[in-house]
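Peer 1: Take a look and give me a structure for this.
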Amino acid sequence: NRIRLVLETICAVREVWPERLPLWLRISATDWAEGGWDAAQSVELARQVGVLGVDLVDVSTGGLVPHVDIPLGPGYQVPFAEQVRREAGIATGAVGLITTAEQAQAIIAEGKADAVLMAREFLRDPYFPYHAAKALGVELTTPQQYLRAW
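Peer 2: Numbering: from 1, shown residues only. Just a heads-up that it's a prediction; the model follows:
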């Protein structure tokens with residue numbers, strides 16, 4: 001009964017959260033431990049929360065179990081978002097060492113996730129959105145008062 005608290009919480013939130021506003025849920029799709037929480041359970045959780053009104057599942061993975069082998073690398077958590085999206089039929093957000101504009105764009109373009117969610121890269125480069133737009137050839141308009149900065 002690992003998901004009961006999540007389901008009850010979503011029901012309580014949905015009672016007060018307006019339908020016109022999106023409700024997102026962040027999950028750890030696996031804890032990487034033998035016999036622990038896994039992707040199949042995450043898919044089932046995503047199915048159930050979708051029925052209850054969750055609009056998007058932000059799919060991460062765990063990192064709290066000591067001595068497990070986590071295969072770190074660019075986009076290492078993206079396959080979990082893709083699996084949840086495909087098998088549960090719910091919008092997903094992908095995370096996990098997504099560090100370039102091209103990588104983020106490919107995740108969306110290839111249908112692996114509906115959103116790319118980034119944190120550490122924004123800490124390293126607070127101007128990432130600007131640099132990403134330039135890398136992708138997006139024409140940016142800058143407010144007149146900020147032109148000196150660029």
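Peer 1: quick one: Leu7 and Pro74, what's the gap?
Peer 2: Taking Cβ to Cβ, to the nearest Å as the measure, Leu7 falls 33 Å from Pro74. For glycine as for every other residue, the C-beta is placed from the backbone atoms N, C-alpha and C.
Peer 1: These two: who's more crowded?
Peer 2: Leu7 (15 against 11; other Cβ atoms under 10 Å).
Peer 1: Quick check: Met118 vs Arg2, distance?
Peer 2: For Met118, the distance to Arg2 - Cβ to Cβ - is 28 Å.
Peer 1: More neighbours: which of these two?
Peer 2: Comparing Met118 with Arg2 by other Cβ under 10 Å, the one with more neighbours is Met118, at 19 against 8.
Peer 1: Would you mind listing the residues in contact with the residue nearest the centre of the chain?
Peer 2: Against the mean C-alpha coordinate of the chain, by Cα atoms, centre = their mean, the closest residue is Gly93 at 2.8 Å. Going by Cβ atoms under 8 Å, 6 or more residues apart in numbering, Gly93 touches 24, 56-59, 81, 113-117.
Peer 1: among those residues, which ones are buried?
Peer 2: 56-59, 81, 113-117 (16 or more other Cβ atoms under 10 Å).
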